[in-house]
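>>> A structural model of the following input is requested.
(one chain, ligands or ions: 2)
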Amino acid sequence: IGDVRFGGDEVIVIAGPCSAESEEQVEAAAAALSKAGAKMLRGGAFKPRSSPYSFQGLGEKGLKILRGAADRHNLKLVSEVMDIGQIELVARYADMLQVGARNMQNYRLLEAVGKSPRAVLLKRGPSATIDEWLLAAEYILDGGNSNVMLCERGIRTFESHTRFTLPLASVAYVQQRTHLPVVIDPSHGTGHTYLVPSMARAAIAAGADGLIVEVHPKPEQAMSDGYQSLNFEQFAEMMAGCAKIAGAVERKLGDL
Ligand code: PEP
Ligand code: MN
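Ligands and ions are numbered 1, 2, ... in the order given. You can find the predicted model right below:
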């Protein structure tokens with residue numbers, strides 16, 4: 001993605017709010033994240049929410065805000081596409097398209113992002129087996145788009161202490177089976193702010209090529225996923241810990 005390369009020596013960190021909420025929120029996040037060593041900004045403009053009464057995202061206005069902040073702070077941008085009709089619009093603003101967990105088995109959407117010139121971050125469906133996840137990636141590759149990354153974001157199990165169960169064996173397993181870079185999402189994977197830094201470090205130890213982490217200037221006021229978001233200080237601390245682990249497994253974390 002431009003000069004940001006996933007799958008090399010460097011572990012790439014993607015960070016940002018769950019949803020773009022306002023110019024001030026996204027600008028503050030992009031500034032702090034870039035300073036702390038993130039290479040890409042994340043943020044949803046179209047949000048797949050469990051409840052139809054929850055905040056659904058700012059749409060194009062959110063994409064404009066995200067793009068502006070990403071450019072000002074030298075970050076690449078990833079944002080979610082929920083349906084085929086949004087691909088062209090999101091691709092106009094974002095450097096990478098996210099296909100969310102709920103859409104991993106939306107085969108027509110997978111085929112359509114396979115025709116896009118943008119890289120795709122394919123999240124694992126919470127009830128999908130690894131084979132189903134890899135075959136979903138195959139739909140995108142078969143469509144002609146070879147820039148696909150896999151994102152493990154946790155699966156549904158009987159455990160209720162964490163929002164999902166984050167299987168880090170996925171990293172080692174899919175690296176055996178495919179050449180595609182693997183990114184871990186410790187935010188959705190745990191559902192609790194206090195668990196995110198530990199699982200971020202563990203993901204790097206396991207060999208992940210990147211992380212995608214939710215960060216918000218004021219997590220307690222976030223319009224979505226605040227309970228699993230880090231504040232800026234927590235993010236900087238997480239990055240310092242991750243850099244040490246990256247060094248131990250002969251990778252690096254940007255300039256840290
Ligand atoms: C998100 O990234 O905010 C999101 C909705 O993720 P997932 O599709 O993994 O639930
Ligand atoms: Mn989220």
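
>>> and the residue of the stretch 1-150 of the chain that's closest to ligand 1?
Residue nearest to ligand 1 within the stretch 1-150 of the chain: Gly100 (3.0 Å; CB to the nearest ligand atom). Using the backbone N, CA and C atoms, a C-beta is placed for each residue, glycine as well.

>>> right, and that residue touches Asp83 too?
No. Counting by CB atoms under 8 Å, Gly100 does not reach Asp83; the two are 10.9 Å apart.

>>> and these two? which has more neighbours close in?
Gly100 (22 against 13; other CB atoms under 10 Å).

>>> phi and psi next, for Asp185.
The phi/psi pair for Asp185 (degrees, to the nearest 10) reads phi -110, psi 90.

>>> list the contacts for Pro167?
By CB atoms under 8 Å, 6 or more residues apart in numbering, the contact list for Pro167 reads 152, 154-155.

>>> and it, which helix or strand is it part of?
Secondary structure from DSSP states H and E places Pro167 outside every helix and strand.

>>> against ligand 2, how distant is it?
Distance of Pro167 to ligand 2, given as CB to the ion, to the nearest Å: 19 Å.

>>> look up how far His188 lies from that residue.
Using CB to CB, to the nearest Å, Pro167 is found at 13 Å from His188.

>>> shared neighbours, the two?
Gly154.

>>> so how many other residues sit close to the closest residue in space to Gly254 that isn't next to it in sequence?
The spatial neighbour of Gly254 that comes closest, neighbours along the chain excluded (CB to CB, 6 or more residues apart in numbering), is Gly37 at 4.4 Å. When neighbours are counted by other CB under 10 Å, Gly37 registers 19.

>>> repeat that for the one 5 residues further on.
Applying the criterion other CB under 10 Å, we find 30 residues in the vicinity of Arg42.

>>> residues from this protein in reach of ligand 2?
18, 225 (CB under 5 Å from the ion).
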